[in-house]
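Peer 1: sequence and predicted model, in that order:
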Amino acid sequence: MNGARKLLVFGGIALATLGMLYGLYYAVLVEHQTLDRMGGSLATAFTQAAGRRLPEARTSIDIYAATKFDYVRQVDVHSHWIGLAMLMIVLGVVFDDVALGERIRFGIALSLLIGSVIFPLGVILQTTDGGVLASALAIVGSALIIVALAAVAAGFARTST
Amino acid sequence: MAVWEPPPSGQTGRSSAVAQTHQAAGAVSSSVAATFSTMSARRLLVFGGIALIASGMLFGDIVAVFILHQNAGRTGAALLAAVQAVQARNPAAVKEAFGHMGEFLEDRGTKVDTHVHMIDAGYLALLLALIQPYVALSASRKKLLAKVLLTGGVLLPVGIFLIHYVGLAHSPFTAIGWASVLADSAGGLLIVALVGEGWGLWNYFRSRRVGTTEPELPQDHNWERRTLLAGGTVLVLLGFLHGAWYASVHLYEHENREMLILTAMLDQGSGHDISVASVNAYGGLQAEKAVEIAAHSHIIEFGLLAILLSFLQPYVFLNDRWKKRWIYLLLAGSAILPIFVLLELKIGLLAGGIADAGGLMVIVALMGMLVGVLRYSGRLDAEIGSAP
């Protein structure tokens, strides 16, 4: 197994483990409370509005918005880390079919690994007031994955010499 | 490790097809056969994986056609009832309406989860079929792990599907019904199987090999493999580009719009004319989000499926022409479904119908390939049975 394949397979396994552990932590310690807060705040907003307590209703809607903003990104991070890890493992199995030079293949594998780590990391940092750094990580990470995938597709389509 | 040589370029027609089939038949007794022995773990995982994926897709098509739209209508009606209850200053009716909404959302959620979990269990089975050469366990243990995984892969979606219907009936628990117990137990089976496979991999890489190890999958770089690999990667790439575009252009706008609509609903309840338009706007927004997310996830999953199926082509015992047809059908369906899901809000039901047809094309292609693998297995077993 050459360096690029090792990087993809073992990097993929490590990333999948990280994604699953993060999902487990979130499901066990955070998710139920988050879902309760999200559903509860929306129902509360409507109940408060029915009681003509509009300022409180708006506050409840704000809580709902903030909770949902966080929840969507937490779930996205979990699923994207695992999804990208699975893609890396599968590509690692057939990476010798990418008809490009060994150094280029290693560069592609490295781009996929770095992009797959930092893109979801940037997304999750958005929930912690990560500011510009969070967005930059997400954009650079997704750009790395897109460029790497385009190169892999071209490499697969080429007939090996 | 080549399975069988591709035909010389220019050789076409029925005679070629027959020749190729015979060529393939000859190869059954060669090295490839060793990677697909009778009722081996890999064979179980390949059959089970394809069957789970095809079943999950068929279920998804049925749900999309007969359940999702009706469910969305009922959820919208419950939301409208909640808004009207706000205007009528009736908090009890608000709670009742939200209770109904919760039921409708659970109905929808469990069906989508059934679809997703069945397909993902199939992907997992195919992925594990690939790594069997690196799982250093005895053949009987590998087979047992494959059976455990497939049992979990079937029972998990069944349990999830039943959650909405069984509820808490006859359950000794306050919040968990028997269907959840079934789903969680099936998830436990999947975890046991994965831990076992992980233990086998650990043994392999620590060079503590137990029993026999299987040969690696054939690595012939033929048209079928190249097309599925390149096509699958392009699909994943398109899905990723679409996701990046959605995140940068629509995600925040959708989140802001949802809050504006909800606030407007509450304000209308305070004395303004109640407007069905607000509820319709909310439903429309949910539909916009749903089609974007469905297109994104489906195109990526189909891409991954194409890549996984590229590994199985040596076991598809069909002539070259039929192999190509199934591959074209699979890739075409994989592109048609997400494209027309996206167009559903612009074109309407026609696009929805075409998207469903795209899903059906993928299912038919999968079934065609499964028939090819079954033919391969039958031929292989017959040769083994007739051997002196």
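Peer 2: Thanks, I have it.

Peer 1: and the pLDDT at residue A:147?
Peer 2: Residue A:147 carries a pLDDT value of 96.

Peer 1: ok, the one 5 residues further on next?
Peer 2: Turning to residue A:152, the model gives it a pLDDT of 95.

Peer 1: ok, now which ones touch it?
Peer 2: A:91, A:98, A:108, A:112, B:233 (C-beta atoms under 8 Å, 6 or more residues apart in numbering or on different chains). C-beta here means a position set from N, CA and C on the backbone, and glycine is covered the same way.

Peer 1: repeat that with 6 Å
Peer 2: By C-beta atoms under 6 Å, 6 or more residues apart in numbering or on different chains, the contact set of residue A:152 is A:98, B:233.

Peer 1: next one: the one 4 residues further on
Peer 2: With contacts defined as C-beta under 6 Å, 6+ apart, residue A:156 is in contact with A:97, B:229, B:230, B:233.

Peer 1: my read: the last one touches residue A:153, true?
Peer 2: Going back to what we said before, that points to residue B:233. Yes. With contact defined as C-beta atoms under 6 Å, residue B:233 counts as touching residue A:153 (4.0 Å).

Peer 1: who has more neighbours out of those two?
Peer 2: residue B:233 (28 against 22; other C-beta atoms under 10 Å in any protein chain shown).

Peer 1: report pLDDT for the more buried one.
Peer 2: Predicted confidence (pLDDT) for residue B:233: 95.

Peer 1: could you measure from it over to residue A:140?
Peer 2: Counting by C-beta to C-beta, to the nearest Å, the separation of residue B:233 from residue A:140 is 21 Å.

Peer 1: cool, and residue A:3?
Peer 2: Between residue A:3 and residue A:140 the distance is 23 Å, computed by C-beta to C-beta.

Peer 1: what does residue B:118 give?
Peer 2: To residue A:140, residue B:118 is 36 Å away according to C-beta to C-beta.

Peer 1: over to residue B:142?
Peer 2: Residue B:142 is 41 Å from residue A:140, where distance means C-beta to C-beta.

Peer 1: quick one: which of the two has more around it?
Peer 2: Shown here are residue B:142 and residue A:140; by other C-beta under 10 Å, residue B:142 has more neighbours (26 against 15).

Peer 1: what residues are up against the more buried one?
Peer 2: Contact analysis of residue B:142 by C-beta under 6 Å, 6+ apart lists B:41, B:135.

Peer 1: how deep is residue 76 tucked in, by neighbour count?
Peer 2: I'll assume chain A. Neighbours of residue A:76 (other C-beta under 10 Å): 16.

Peer 1: hmm, no, I was thinking of chain B.
Peer 2: Residue B:76: 19 surrounding residues under other C-beta under 10 Å.

Peer 1: ok, residue B:99 next?
Peer 2: 11.

Peer 1: against residue B:105, how distant is it?
Peer 2: Note on residue B:99: its distance to residue B:105, by C-beta to C-beta, is 11 Å.

Peer 1: near chain B, which residues of chain A are found?
Peer 2: Residues of chain A found near chain B (C-beta under 6 Å from any C-beta of the partner chain) are A:43, A:46-47, A:49-51, A:54, A:57, A:61, A:65, A:90, A:93, A:97, A:142, A:146, A:149-150, A:152-153, A:156-157, A:160.

Peer 1: just the ones in helices from those residues, please.
Peer 2: A:43, A:46-47, A:49-50, A:54, A:57, A:61, A:65, A:90, A:93, A:142, A:146, A:149-150, A:152-153, A:156-157 (DSSP state H).

Peer 1: rewinding a little: any chance of the contacts of residue A:156 in JSON lines, plus secondary structure?
Peer 2: Formatted as JSON lines, the contacts of residue A:156 follow (DSSP: H, G, I helix; E, B strand; the rest coil):
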{"residue": "A:97", "secondary structure": "helix"}
{"residue": "B:229", "secondary structure": "helix"}
{"residue": "B:230", "secondary structure": "helix"}
{"residue": "B:233", "secondary structure": "helix"}
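
Peer 1: what's the longest helix in chain B?
Peer 2: helix B:91-131.

Peer 1: show me what counts as buried in the following helix or strand past it.
Peer 2: Counting by DSSP states H and E, the next helix or strand C-terminal to helix B:91-131 is helix B:139-166. Across helix B:139-166, burial judged by 16 or more other C-beta atoms under 10 Å in any protein chain shown covers B:139, B:141-143, B:145-150, B:152-157, B:159-164, B:166.

Peer 1: returning to that earlier point: wait, which of the contacts of residue A:156 is closest to residue A:31?
Peer 2: Distance to residue A:31, by C-beta to C-beta, is smallest for residue B:233 among the contacts of residue A:156, at 32.9 Å.

Peer 1: from chain A, how far out is that closest one?
Peer 2: Separation of residue B:233 from chain A (C-beta to the nearest C-beta, to the nearest Å) stands at 4 Å.

Peer 1: run through the chain and note the low-pLDDT ranges.
Peer 2: In the absence of a named chain, this looks at chain A. A:1, A:159-161 (pLDDT under 70).

Peer 1: you answered for a different chain; I wanted chain B.
Peer 2: B:1-38, B:208-219, B:269-275, B:386-388.

Peer 1: break it into its domains for me.
Peer 2: Chain B breaks down into these domains under automatic domain parsing: B:38-216, B:222-388.

Peer 1: show me where chain B has helices.
Peer 2: Going by DSSP H, chain B shows helices at B:13-28, B:41-63, B:69-87, B:91-131, B:139-166, B:178-205, B:223-249, B:251-269, B:276-312, B:320-347, B:349-386.

Peer 1: just send those back as a markdown table, with distance to residue A:21 too.
Peer 2: What follows is the helices of chain B, written out as a markdown table (distance: least, C-beta to C-beta, whole Å):
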| stretch | distance to residue A:21 |
| --- | --- |
| helix B:13-28 | 44 |
| helix B:41-63 | 25 |
| helix B:69-87 | 34 |
| helix B:91-131 | 18 |
| helix B:139-166 | 20 |
| helix B:178-205 | 13 |
| helix B:223-249 | 24 |
| helix B:251-269 | 26 |
| helix B:276-312 | 22 |
| helix B:320-347 | 31 |
| helix B:349-386 | 33 |
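
Peer 1: of all those, which one is nearest residue A:33?
Peer 2: Closest to residue A:33 of the helices of chain B is helix B:91-131 (C-beta to C-beta; 17.3 Å).

Peer 1: tell me what that closest one is packed against?
Peer 2: When contacts are defined as 3 or more C-beta pairs under 6 Å, 6 or more residues apart in numbering or on different chains; DSSP states H and E, helix B:91-131 packs onto helix A:32-50, helix B:41-63, helix B:69-87, helix B:139-166.

Peer 1: now do the SS call for residue A:87.
Peer 2: helix.

Peer 1: name the nearest of the contacts of residue A:156 relative to residue B:171.
Peer 2: Out of the contacts of residue A:156, the member with the shortest distance to residue B:171 (by C-beta to C-beta) is residue B:233, at 46.1 Å.

Peer 1: got the contact list for residue B:74?
Peer 2: Here residue B:74 is in contact with residue B:104 (C-beta under 6 Å, 6+ apart).

Peer 1: same question for residue B:46.
Peer 2: Counting by C-beta under 6 Å, 6+ apart, residue B:46 touches residue B:129.

Peer 1: and it, how close does it get to residue B:313?
Peer 2: Taking C-beta to C-beta as the criterion, residue B:46 is separated from residue B:313 by 12 Å.

Peer 1: also residue A:113?
Peer 2: For residue A:113, the distance to residue B:313 - C-beta to C-beta - is 28 Å.
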